[in-house]
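Undergrad: sharing a model that was predicted from the sequence below.
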Amino acid sequence: MTIWNYCYDPITLSVSGKVWKSLSDADKKIFEDAAVAAMAEQVKASRALDASIIKQFKDGGMKVNELDKASIDKMKEAMKPVYAKYKDKFGVEAFTAFGYKF
């Protein structure tokens, strides 16, 4: 197995515009703060689960290859034309939200 961190699947917390507009600024702040706290816990839990699964694979005899930064950078460079192709279709915001810079 090769770990190369090619994507991150987001979990979206959403509410209808009608409901959001009906909330006071104080209530919106409560939701926003709770979302940030939940996000941090989800990331922590997800990374712990990943580590546990990778350990389980290794313990079972699977060879796990973790790419170095130079290899990951080379893959990112190779993907630039794909990102450029879909930039207009999905919007710059979709890419920049995950750290990609055009």
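TA: Arrived safely.
Undergrad: need the phi and psi values for residue 2.
TA: Taking degrees, to the nearest 10, you get phi -110, psi 130 for the backbone angles of residue 2.
Undergrad: to clarify, my last question referred to residue 101.
TA: phi -120, psi 130.
Undergrad: and the helix or strand where residue 19 lies, C-alpha only, in CSV?
TA: Assessed by DSSP states H and E, residue 19 sits inside helix 17-22. What follows is helix 17-22, C-alpha atoms only, in CSV (Å, rounded to 0.1, in the frame of the first residue of the first chain):
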residue,chain,number,x,y,z
GLY,A,17,-30.4,29.8,4.3
LYS,A,18,-33.9,30.4,5.7
VAL,A,19,-33.0,28.9,9.0
TRP,A,20,-29.6,30.6,9.1
LYS,A,21,-31.1,34.0,8.5
SER,A,22,-33.6,33.4,11.3
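Undergrad: tell me the helices and strands packed up against the helix or strand just after that helix.
TA: Once helix 17-22 ends, the next helix or strand along the chain (criterion: DSSP H and E) is helix 25-59. Helices and strands touching helix 25-59, by 3 or more CB pairs under 8 Å, 6 or more residues apart in numbering; DSSP states H and E: there are none. C-beta here means a position set from N, CA and C on the backbone, and glycine is covered the same way.
Undergrad: from now on call the first residue 247
TA: Shifting the count to begin at 247 puts that one at helix 271-305.
Undergrad: after helix 271-305, next one along is what?
TA: That would be, after helix 271-305 and using DSSP H and E, strand 311-312.
Undergrad: tell me what that following strand is packed against?
TA: strand 248-249.
Undergrad: and the strand it packs on, which strands flank it?
TA: When pairs are called by DSSP bridges, strand 248-249 turns out to pair with strand 311-312 (parallel).
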